[in-house]
Each structure stands twice: as C-alpha cells, then as structure tokens.
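Asker: 3D, please:
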Amino acid sequence: MEALWASGEASVRSVMDTLNARAEKKRAYTTYMTIMARLHKKGLLRRRREGKADFYAPAYERDEYMALRAKAEVEGLVSQYGDVALSHFAEQMAKLDPARRRALQRLARKS
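Answerer: Model prediction:
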C-alpha cells in the first residue's frame with residue numbers, strides 16, 4: 001500500500017521492483033500479482049488493464065484506509081473478547097490527557 005500511495009498508480013512489476021529493492025528476501029512476481037489481485041477483490045485497490053499489464057491504485061487515501069483498518073481491528077477485538085476488550089479500551093482512555101480524550105470523543109461522534 002505504501003508503494004502505491006507514493007506513486008498513485010503502478011504496475012505489479014513496478015511495485016515488485018520497489019519492494020524487492022529494499023527486502024532481504026526477494027519475492028516472485030506471481031506473489032505480488034496474487035496479493036494485489038486479492039486486495040483489488042477486497043476493494044482496497046482499483047485495477048486498470050493496459051494490454052497484458054494490470055495497473056493498480058489505492059481505493060482509499062492513507063488516512064481513510066487507516067480508519068477502516070482500525071475500525072475492523074477494534075470490532076474484531078470486541079467481537080472476540082467482548083467486555084474485556086472494552087474495559088481495556090476504557091482504561092487506556094482514562095490514562096489520556098483530558099484535552100486529547102475530548103478530541104477523540106469528538107472524532108468518535110463524527111464517525
């Protein structure tokens with residue numbers, strides 16, 4: 001996702017070259033192709049075909065994506081652990097600076 005946010009749109013090969021350049025273990029083209037196709041199927045990437053090449057772009061801006069991921073993670077924790085998870089969230093909220101807590105409460109009301 002970071003590579004696509006940086007470029008806006010890129011081919012599978014371009015993403016592979018970018019990520020493999022800084023990776024200890026290089027991954028195959030088919031690995032990147034599979035991952036990007038799955039992210040497209042989940043609605044996280046947009047795909048455009050040009051000849052035989054697929055070009056992908058993020059379906060969401062970074063902050064939108066982060067909000068979606070955070071929401072899914074929290075919902076998963078609450079679903080799995082119920083009140084225990086909620087009590088830990090409440091404990092963390094209680095430890096925050098009051099101004100930050102109020103800002104987060106305003107943000108939660110907007111969601």
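Asker: Contacts for stretch 102-109, please.
Answerer: Taking C-beta atoms under 8 Å, 6 or more residues apart in numbering as the criterion, the residues outside stretch 102-109 that touch it are 93, 96. All C-beta atoms are positioned from the backbone trio N, CA, C, and that covers glycine.
Asker: Where does the prediction get shaky in the protein?
Answerer: Low-confidence segments of the chain, defined by pLDDT under 70: 111.
Asker: same thing but at 50, please
Answerer: Scanning the chain for pLDDT under 50 picks out no residues.
Asker: Strands of the chain, start to end?
Answerer: 10-11, 45-50, 53-58 (DSSP state E).
Asker: okay, those in a markdown table with mean neighbour count and distance to T18 next?
Answerer: Converted to a markdown table, the strands of the chain look like this (neighbours: other C-beta atoms under 10 Å; distance: least, C-beta to C-beta, whole Å):
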| stretch | mean neighbour count | distance to T18 |
| --- | --- | --- |
| strand 10-11 | 18 | 8 |
| strand 45-50 | 13 | 15 |
| strand 53-58 | 18 | 13 |
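Asker: what would those look like in TSV with distance to R100?
Answerer: As requested, the strands of the chain are exported to TSV (distance: least, C-beta to C-beta, whole Å):
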stretch	distance to R100
strand 10-11	37
strand 45-50	33
strand 53-58	29
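Asker: between those, which one is nearest to A70?
Answerer: strand 53-58 (16.6 Å; C-beta to C-beta).
Asker: How about the contacts made by the residue nearest the centre of the chain?
Answerer: Centroid-nearest residue in the chain: Y65, 4.8 Å away (criterion: C-alpha atoms, centre = their mean). Listed by C-beta under 8 Å, 6+ apart, the contact partners of Y65 are 1, 44, 58.
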